[in-house]
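Peer 1: what follows is a protein structure lacking sequence information:
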């Protein structure tokens, strides 16, 4: 009888996953075929077959994530699986990278044994893939090396787990869901403590990149205006990360990173308790930008009498930088302002590579096969502006 109930429960779980996947599949097919890609059928069949296979395999034999999970690259490459699935959803002709020179600067610091932390807003479950896809032609190893501080939902939802298995993860329980089931709150706290210890060990070794969203969840639109904006940060999360970096023994730097990609896979408008949300996907431009590292010691100097005020100011410095970069990306992508959106005041220059040709101040750079990056050099800022152009070369 027990076996019957186990098999019955497994079957219901499979059916539920299949229904959710089929809803997304139809949308996925429509999007890719609308783009006029001659290989649309092949792309859809390959990506959806892989997704079905991995999800059903997960339901049959669930993978249990340890506190620190290393990306599974063989015998099945879960990282590449995630990249290939999200790639068709990105409109590279309307996608931007801000301050790409800083990504290269961070890579140099990693080679010197320094730790890098990316303090970021969080838009969708596809954030890791978006970051990696926008950097794959310029900083691919940087993107693959990132360890993401991930909430429990992406390591428990059967539809999400195969994509999570392709990333380096530190698994934690979000404060937003800590008391969804009161009886499990203590277990969640202990699990978070174990994950913090794993993070401390990682940072102690140096040359680590850690991505964390101090908001504790995904951004949502304003309920009145419908405008999307970075969710507020939790000061204790920012401070805990800072102290872990400072106590690691290795040099560390914390950078504000902004993401704009909610259009390709927006979260539910409200935070949901239940696992198994409906995924709605679309084809759209996306953006990522990073600004210079922010030093707590420099901020603390002006708040010598109040450490709490210094912590609050430090948190606001990160949030303010990310919000400003986000607005630049928003102007470039949603406002169709493109490179005009770049601003030296917000440290967001929309950046890079070996030039193909040069004319009238415009520089063409080869970008990932058919893609070409069109860069505009700005003498005043001594930086390049970077735009992905879908031009055959």
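Peer 2: Yep, that arrived. This one's a predicted model, so the numbers in the text were calculated from it and none came from an experiment. Residues are numbered from 1 along each chain as shown.
Peer 1: show me what counts as buried in stretch 193-209.
Peer 2: Within stretch 193-209, the residues scored as buried using 16 or more other Cβ atoms under 10 Å are 195, 196, 198, 199, 202, 203, 206, 207, 208, 209. To be clear about C-beta, it is placed using only N, CA and C from the backbone, and glycine gets the same treatment.
Peer 1: does residue 122 belong to a helix, a strand or coil?
Peer 2: coil (DSSP: H, G, I helix; E, B strand; the rest coil).
Peer 1: which residue packs closest to it, ignoring adjacent ones?
Peer 2: Excluding its sequence neighbours, the residue lying closest to residue 122 (Cβ to Cβ, 6 or more residues apart in numbering) is residue 213, at 3.6 Å.
Peer 1: ok, residue 240 next?
Peer 2: Closest to residue 240 by Cβ to Cβ, 6+ apart is residue 196, at 7.7 Å.
Peer 1: tell me the helices and strands packed up against the one helix or strand the one you found maps to.
Peer 2: Using DSSP states H and E, the element containing residue 196 is helix 185-204. Contacts defined by 3 or more Cβ pairs under 8 Å, 6 or more residues apart in numbering; DSSP states H and E place helix 185-204 against strand 68-69, strand 168-171, strand 209-212, helix 235-246.
Peer 1: remind me what the last one packs against, helices and strands.
Peer 2: Translated: helix 235-246. Checked by 3+ Cβ pairs under 8 Å, 6+ apart, helix 235-246 has strand 115-120, helix 185-204, strand 209-212, strand 252-260, helix 307-333 packed alongside it.
Peer 1: those: which one's closest to residue 64?
Peer 2: Among those, the nearest to residue 64 by Cβ to Cβ is helix 185-204 (12.0 Å).
Peer 1: that closest one vs strand 115-120, what angle?
Peer 2: In terms of direction (axes from the mean of the first three to the mean of the last three Cα atoms, to 10 degrees), helix 185-204 departs from strand 115-120 by 130 degrees.
Peer 1: what mean pLDDT does helix 185-204 have?
Peer 2: Mean per-residue pLDDT for helix 185-204: 89.
Peer 1: got it, and stretch 160-179?
Peer 2: Rounded mean pLDDT across stretch 160-179 is 86.
Peer 1: mind listing what's buried in that stretch?
Peer 2: Buried-residue list, stretch 160-179, by 16+ other Cβ under 10 Å: 160-178.
Peer 1: could you do stretch 109-123 as well?
Peer 2: Neighbour counts using 16+ other Cβ under 10 Å place 109, 110, 114, 115, 116, 117, 118, 119, 120, 121, 122, 123 of stretch 109-123 among the buried residues.
Peer 1: quick check, nearest of those residues to residue 310?
Peer 2: residue 119 (16.1 Å).
Peer 1: settle this for me: that closest one is touching residue 215, isn't it.
Peer 2: No. The criterion here is Cβ atoms under 8 Å, and residue 119 misses it with residue 215 at 10.3 Å.
Peer 1: related to what we said a few turns ago, how many neighbours does the residue nearest to residue 122 have?
Peer 2: 27 (other Cβ atoms under 10 Å).
Peer 1: which residues touch it?
Peer 2: By Cβ atoms under 8 Å, 6 or more residues apart in numbering, residue 213 lies in contact with 120, 121, 122, 149.
Peer 1: one more: residue 151?
Peer 2: Contacts of residue 151 were listed using Cβ under 8 Å, 6+ apart, and they are 172, 173, 174, 177, 216, 217.
Peer 1: so what's residue 228 closest to, chain neighbours aside?
Peer 2: residue 221 (4.8 Å).
Peer 1: distance of the spatially most central residue of the chain from residue 99?
Peer 2: By Cα atoms, centre = their mean, the chain has its centre lying nearest to residue 127, at 2.7 Å. Computed as Cβ to Cβ, to the nearest Å, the residue 127 to residue 99 distance reads 18 Å.
Peer 1: one more: residue 82?
Peer 2: 25 Å.
Peer 1: and those two? Which one has more around it.
Peer 2: residue 99 (27 against 24).
Peer 1: and residue 267, that one's in a helix?
Peer 2: No. Looking at residue 267 with three-state DSSP, it is coil, so not inside a helix.
Peer 1: check the spacing between it and residue 99 real quick.
Peer 2: Noted for residue 267: a distance of 26 Å to residue 99, by Cβ to Cβ.
Peer 1: residue 55 now?
Peer 2: Counting by Cβ to Cβ, the gap from residue 55 to residue 99 is 37 Å.
Peer 1: just residue 34 next, same as before
Peer 2: According to Cβ to Cβ, residue 34 stands 33 Å off from residue 99.
Peer 1: before we move on, what about residue 206?
Peer 2: 24 Å.
Peer 1: next: residue 209.
Peer 2: 16 Å.
Peer 1: what about residue 148, helix or strand, and which?
Peer 2: For residue 148, the host element (DSSP H and E) is strand 147-150.
Peer 1: contacts for that strand, please.
Peer 2: Residues outside strand 147-150 that contact it (Cβ under 8 Å, 6+ apart): 68, 128, 164, 167-172, 199, 202, 208-213.
Peer 1: what do you get if the cut-off is 7 Å, keeping everything else the same?
Peer 2: Applying Cβ atoms under 7 Å, 6 or more residues apart in numbering, the external contacts of strand 147-150 come out as 128, 164, 167-172, 202, 208-212.
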